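3D model of this:
(2 chains)
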2 protein chains.
Amino acid sequence: MIGKLNHVAIVVPDLEKATALYRDTLGATVSAPVDQPAHGVTVVFVELPNTKIELLYPLGDASPVGKFLASNPSGGIHHVCYEVPDILAARDKLKAEGARVLGDGEPRIGAHDKPVLFLHPKDFLGTLVELEQA
Amino acid sequence: MIGKLNHVAIVVPDLEKATALYRDTLGATVSAPVDQPAHGVTVVFVELPNTKIELLYPLGDASPVGKFLASNPSGGIHHVCYEVPDILAARDKLKAEGARVLGDGEPRIGAHDKPVLFLHPKDFLGTLVELEQA
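Next up is the predicted model:
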């Protein structure tokens, strides 16, 4: 079912420093910061040859990564995103096998304008998993 | 400097359940468990089309992931591994820029029989980063 690793998301306490670290120290190709108010984050995309790292910083008071940063003030890996060919088929299979889908269980339009779902970390080895329709 | 994301490592509390989760529930291709006594882990490799997920379980009393599992009993994402073309050049550049290399600073032979280094999470956005010579 799952295909490519679409991205690894890392929440960071300082987007400018994080950008400099990935661009200058690690020598990767990074984007300018992109505000995504619908998702409560500002994102810097790190383009690797085979996948992306997304550096996330809270945007607005209701940011979904604000609490994470409060608990992890140095930052940390927040989630992994796997691609699936059909998000509704994936959801129905996962739910039938007892996995919990976060929110109301309906896919939302994610940061790449594709349908996404998040799965409960307790059901996935302590890992927050995002599924994105490829 | 950094190239491909070689793998994401996830420490798991039960390797058999974790294998079943990735193989049966998520539908990925997984390996049999591989004991790596030199690294204090048993590993199941999850092959995705563009990278790997490595499911790690402690092996032996001095396992480097034993403490992590004690602190994160549900499991969790442990590190990311980026490929570099020349590990000594990478190390020297990183050290010159103030990043801390774990251990004695000399590359060790890693789980894929290639030279690896680990970088201090405090210098890399709360993320434990492994570098592997490609």
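
Longest strand of chain A, counting residues only.
Using DSSP state E to define each element, chain A has its longest strand at strand A:76-84.

moving C-terminal of that strand, what's the next helix or strand?
On the C-terminal side of strand A:76-84, the nearest following helix or strand under DSSP states H and E is helix A:87-96.

Do you know the pLDDT at the residue in chain A sticking out farthest from the centre?
In chain A, the residue that sits farthest from the middle, by C-alpha atoms, centre = their mean, is residue A:96; the gap is 24.1 Å. At residue A:96, the model reports a pLDDT of 95.

what sits against it?
With contacts defined as C-beta atoms under 8 Å, 6 or more residues apart in numbering or on different chains, residue A:96 has no neighbours. Bear in mind the C-beta positions are built from the backbone N, C-alpha and C, glycine included.

Quick one: check the longest strand of chain A for contact with chain B.
Yes. Interface with chain B: strand A:76-84 contributes A:76-77, A:80, A:82 (C-beta under 8 Å from any C-beta of the partner chain).

could those be laid out in CSV, adding pLDDT, neighbour count and distance to residue B:56?
What follows is the residues of strand A:76-84 next to chain B, written out as CSV (pLDDT from 0 to 100; neighbours: other C-beta atoms under 10 Å in any protein chain shown; distance: C-beta to C-beta, whole Å):
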residue, pLDDT, neighbour count, distance to residue B:56
A:76, 97, 20, 17
A:77, 97, 25, 14
A:80, 98, 21, 15
A:82, 98, 22, 18
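
Looking at the residues you listed, which one is closest to residue A:107?
Nearest to residue A:107 among the residues of strand A:76-84 next to chain B: residue A:82, at 14.0 Å, using C-beta to C-beta.

Quickly list what the closest one is bridged to.
Bridge pairing for residue A:82 (DSSP bridges) gives the partners residue A:5, residue A:131.

I'd say it and residue A:127 touch.
No. Using C-beta atoms under 8 Å, residue A:82 is not in contact with residue A:127, being 10.6 Å away.

near chain B, which residues of chain A?
Applying C-beta under 8 Å from any C-beta, we find that chain A lies next to chain B at A:1-5, A:8, A:10-13, A:18, A:21, A:24-28, A:48-51, A:53, A:55, A:72, A:74-77, A:80, A:82, A:93-94, A:97, A:99, A:121-122, A:124-127.

Just the buried residues of stretch A:26-37, please?
By neighbour count with 16 or more other C-beta atoms under 10 Å in any protein chain shown, stretch A:26-37 contains the buried residues A:26, A:28, A:30, A:33.

Tell me how many other residues surround residue A:115.
Per other C-beta atoms under 10 Å in any protein chain shown, the neighbour tally for residue A:115 reads 18.

What's the local residue count around the nearest residue to it once chain neighbours are set aside?
Leaving aside its chain neighbours, residue A:115 sits nearest to residue A:107 (3.8 Å; criterion: C-beta to C-beta, 6 or more residues apart in numbering or on different chains). The number of residues packed near residue A:107 is 18, by other C-beta under 10 Å.

now residue A:60
12.

next one: the one 5 residues further on
For residue A:65, the count of nearby residues is 22 (other C-beta under 10 Å).

my guess is it meets residue A:76, correct?
No. The pair residue A:65 / residue A:76 is not scored as a contact, 10.2 Å apart, by C-beta under 8 Å.
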